[in-house]
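Asks: build me a model from this:
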Amino acid sequence: MGLFDFMTKMIKGEPIFDAQSPIASRAAGSPSSGTVPQTDPPRHDTGHKIHPEIKVTRLTTRRNGSTMQTYAWIQNDAPFAIELRSFRIMGRTSSMGYQLALGHGQEVQIYNGPIAKDESENDAYVEYRVVQNGDYFQQEFHVEFDRQSDGAFLIEELHPEEHVRDI
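Replies: Residues are numbered from 1 along each chain as shown. The predicted structure is shown next:
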């Protein structure tokens with residue numbers, strides 16, 4: 001539509017934009033325009049922040065002499081995508097970079113190091129962030145060990161603490 005057609009429609013009181021016009025679709029806020037205000041999924045309708053929940057299950061610990069490797073299945077139960085950043089257990093931090101969509105999970109190595117000599121290091125946590133807005137959270141766990149006949153302690157289970165922390 002040229003300037004003359006635009007002015008003529010304005011003077012006559014006719015609609016300036018047609019429904020088929022690309023300008024009209026942008027003005028109407030079509031998704032392709034990128035100007036549509038979208039609700040932030042990481043928030044409830046009340047405006048309170050949603051603390052994304054994850055599950056850590058199916059732990060498998062493999063012993064190799066005086067070392068052990070522990071793997072866990074991490075499941076995203078949040079209503080949006082998250083990225084696993086790190087897992088800290090028994091004083092060691094494993095860096096991660098796995099993105100998990102809603103309902104998806106992945107087996108990850110959470111520990112690779114010496115076998116525990118006692119149950120004193122029984123705290124663990126996973127840090128992750130919301131992909132959409134970069135907000136970071138931390139889920140803490142209590143580590144349960146399996147005492148072996150030779151006195152070594154292997155990681156057996158992780159029990160989640162009360163709530164997810166916003167960090």
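Asks: which is the next helix or strand following the lowest-mean-pLDDT helix or strand in the chain?
Replies: Within the chain, judged by mean pLDDT, DSSP states H and E, the helix or strand with the poorest mean is helix 22-27; its value is a mean of 49. Downstream of helix 22-27, the next assigned helix or strand under DSSP states H and E is strand 54-64.
Asks: for that next one, C-alpha coordinates in CSV please.
Replies: What follows is strand 54-64, C-alpha atoms only, in CSV (Å, rounded to 0.1, in the frame of the first residue of the first chain):
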residue,chain,number,x,y,z
ILE,A,54,14.0,-32.4,39.6
LYS,A,55,14.3,-36.1,40.7
VAL,A,56,17.6,-37.9,41.2
THR,A,57,17.0,-41.7,41.0
ARG,A,58,18.5,-45.0,39.9
LEU,A,59,21.9,-44.5,41.4
THR,A,60,24.6,-47.0,40.3
THR,A,61,28.0,-47.1,41.9
ARG,A,62,30.8,-49.0,40.4
ARG,A,63,33.9,-49.8,42.5
ASN,A,64,37.3,-50.2,40.9
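Asks: run through who's touching that strand.
Replies: Strand 54-64 has contacts (C-beta atoms under 8 Å, 6 or more residues apart in numbering) with 68-78, 82, 100, 105, 107, 110-111, 115, 126, 128, 139, 141, 146, 148, 152, 154-158, 160. In short, each C-beta sits where N, CA and C put it, glycine included.
Asks: show me what counts as buried in the next helix or strand after that strand.
Replies: Downstream of strand 54-64, the next assigned helix or strand under DSSP H and E is strand 67-76. Buried residues in strand 67-76, counted by 16 or more other C-beta atoms under 10 Å: 68, 70, 72, 74-76.
Asks: state the pair within these that is farthest apart.
Replies: Taking C-beta to C-beta as the measure, these span a maximum distance of 26.2 Å, between M68 and N76.
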